[in-house]
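# Next comes the sequence, and after it the predicted model I'd like to discuss.
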Amino acid sequence: MGVLAACGSPAHPDGRASTSPQSPPTATATISPSPTSTDGPVADVRKLLGDRAAGLLHGDRDAFLAPLDGAARSLRDRQGAFYEHVHGVPMASWASTLEPGTGQRLPGAGAESWSYSVVTVYALSGLTDEKAVLDQRVDVAKRPEGWRITDITDQQTHTEPWDIGTTTSVRAGRIVVLGIGASRQDMTTVEHQAAEAVPRVDAVWPGQWEHGAIVVVPADATEAATLSATDQIEPLAAVTTGGSGVDAAGHLYQWNRVVINPAAWKRMSDTGRLVVLTHEMTHLATGSLGSVPMWVSEGFADYVGWKRSGVGTDTIAEELRADVRKGHVPTDLPDEADFHSTHVDQAYEEAWLAARYIAFRYGESALIRVYRAMAARSGTSTADQDHVLRKVLGVSRSAFVHGWQGYVKAQLS
């Protein structure tokens, strides 16, 4: 997960918040392998789930709720609220699958009842290749009118905006902005700035990525912390978060969200906001490669973010500049603990100058090679860093640190 405490930028002059042509949304419910009599009413459950998905995707609240047991008032209330929260989201697909071998007949007198593990894979319009996974337990009971769902229990560990409140959206191309209590004007501005960030990333990073993002604008910092699973959200303008899950067939899916912290966001300039979104999208672009030391990931994201921003070094590294002018030059590259400490600003500034130093002395292509080589290593220790720096730049880690220290002093003294 990438984080940034920073500042912002102008809205995209040609941005448009509209819906581009797309394929119709799809809803499915499947089971594999073919059910036997010991699996319970799998065909009926499959149809119930398919009917719910179709109702959700086609904006039919009655169809979405129809498979629920009429006597399950709490469930109907919860699912009714869920529908109201999510129906403004541009959902492209919602496919539910019963996990094989998970059907359990529920004990007790009364109607025949079964429980199943259900995996739902869903995607938003604009980013249909980025699918998320929802794990649930679904209980059903036989009624005179047929099988009905009596309970649904979420077993997921991530939080989506619609889990918190009514979610609205603005979309243009591969940028999707989801808001909880946010104005359409604010969401459209975020969409424009996110769209402007994409080519800034592409100008530096040559690798394959989604060239877009799902950006979430919650109502306040508390919601931002919940959505990003970040304890100390207050100083952060935005956080890149995500997750992964496996469907019933064993396919792995990964998804990402850029979560904005409204409290910090409102204090920023337009330039700073563009820098932040470019930083976070750099994390999206590089995130699939593997783990790298934080000074590499945050330094590179800041390098891309601040490049062509027009903001001077003294302003970007204000806190570190004050330390250097007092004679306190950093003795080593920042480690992970530094990014969670009281001197977090200096950690980001040190990492940014480390990336800039590589680009200045060895070239921007060398900076990209360092990132890729670090990601290809199985570890992020100082020994791993030494190996990569020797291989890519031809210098030991200690020699690199010495050169970086001289660059920091030259830039900030």
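Cool, the structure landed. Note that this is a predicted model, so its numbers are computed, not measured.

# At which residues are the helices of this structure located?
42-57, 61-65, 73-86, 184-202, 221-228, 262-265, 270-286, 294-306, 313-316, 318-325, 344-362, 364-376, 382-392, 397-412 (DSSP state H).

# Give the other helices and strands that the fourth one contacts.
Here helix 184-202 touches strand 167-172, strand 175-180, strand 213-217, helix 270-286, helix 294-306, going by 3 or more CB pairs under 8 Å, 6 or more residues apart in numbering; DSSP states H and E. For the C-beta atoms, the positions are set from N, CA and C on the backbone; glycine is no exception.

# redo that, cut-off 6 Å
Contact here means 3 or more CB pairs under 6 Å, 6 or more residues apart in numbering; DSSP states H and E; on that basis helix 184-202 packs against strand 167-172, strand 175-180, strand 213-217, helix 270-286.

# Likewise for the second one?
Helices and strands in packing contact with helix 61-65 are listed as helix 42-57; criterion 3+ CB pairs under 6 Å, 6+ apart.

# Now do the buried residues in the helix it packs on.
42, 44-46, 48-57 (16 or more other CB atoms under 10 Å).

# do the same with stretch 398-411
Residues 400-401, 404-405, 407-408, 411 are the ones in stretch 398-411 that count as buried (16+ other CB under 10 Å).

# Tell me if I'm right that residue 97 and residue 248 touch.
Yes - Residue 97 lies in contact with residue 248 (CB atoms under 6 Å); the separation is 4.3 Å.

# shared neighbours, the two?
Residues touching both residue 97 and residue 248 (CB atoms under 6 Å, 6 or more residues apart in numbering) are residue 119.

# Now for residue 369: which residues touch it?
Counted by CB under 6 Å, 6+ apart, residue 369 has contacts residue 392.

# Mind pulling up the pLDDT for it?
At residue 369, the model reports a pLDDT of 98.

# do the same with residue 235
pLDDT, read off for residue 235, is 84.

# ok, now residue 341?
88.

# go on, residue 108?
77.

# show me the contacts for it.
No contacts exist for residue 108 under CB under 6 Å, 6+ apart.

# Tell me where the model's unsure across the stretch 301-413 of the chain.
Within the stretch 301-413 of the chain, not a single segment meets pLDDT under 70.

# which residues touch residue 362?
Contacts of residue 362 (CB under 6 Å, 6+ apart): residue 393.

# Could you list every helix and strand in contact with the biggest strand by length in the chain?
For the chain, the strand that runs over the most residues, judged by DSSP state E, is strand 127-143. Applying 3+ CB pairs under 6 Å, 6+ apart, we find strand 127-143 packed against strand 113-124, strand 146-154, strand 252-260.

# Isn't residue 174 up against residue 212?
Yes - at 2.6 Å, residue 174 counts as touching residue 212 under the criterion of CB under 6 Å.

# overlap in contacts of those two?
Shared contacts of residue 174 and residue 212 (CB under 6 Å, 6+ apart): residue 127.

# Dump the helices and strands packed on strand 127-143 to a markdown table, plus mean pLDDT and distance to residue 323.
Converted to a markdown table, these look like this (pLDDT from 0 to 100; distance: least, CB to CB, whole Å):
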| stretch | mean pLDDT | distance to residue 323 |
| --- | --- | --- |
| strand 113-124 | 95 | 44 |
| strand 146-154 | 96 | 47 |
| strand 252-260 | 94 | 29 |
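
# what's the closest of these to residue 71?
strand 146-154 (8.0 Å; CB to CB).

# Tell me which residues of that closest one come out buried.
Under the neighbour-count criterion of 16+ other CB under 10 Å, strand 146-154 has 147-152 buried.

# what do you get for stretch 237-255?
Those would be 237-243, 245, 247-248, 253, 255, for stretch 237-255 by 16+ other CB under 10 Å.

# cool, and stretch 306-320?
In stretch 306-320, counting by 16+ other CB under 10 Å, buried: 306-307, 309, 313, 316-317, 320.

# Quick check: the farthest pair among those?
Most distant of those, by CB to CB, are 307 and 320, 18.3 Å apart.

# re earlier: which two among the buried residues of helix 42-57 are spaced furthest apart?
42 and 57 (22.2 Å).

# Do I have it right that residue 373 meets residue 390?
No - the pair residue 373 and residue 390 fails to qualify as a contact (CB under 6 Å) at a distance of 10.3 Å.

# Tell me which of these two has more neighbours.
residue 373 (18 against 14; other CB atoms under 10 Å).

# Quick check: the residue lying closest to residue 148 once chain neighbours are set aside vs residue 111, distance?
Closest residue to residue 148 in three dimensions, ignoring its sequence neighbours and counting by CB to CB, 6 or more residues apart in numbering: residue 69, at 4.0 Å. Using CB to CB, to the nearest Å, we find residue 69 at a distance of 10 Å from residue 111.

# For those two, indicate the residue with more neighbours.
Using other CB under 10 Å, the more surrounded residue of residue 69 and residue 111 is residue 69, with 19 against 15.

# Tell me the backbone dihedrals of that one, please.
Main-chain dihedrals, residue 69, degrees, to the nearest 10: phi -60, psi 130.

# With residue 90 instead?
Main-chain torsions, residue 90, degrees, to the nearest 10: phi -80, psi 80.

# Go through the buried residues of helix 42-57 and name the one nearest residue 87.
Among the buried residues of helix 42-57, residue 56 lies closest to residue 87 (CB to CB), at 7.3 Å.
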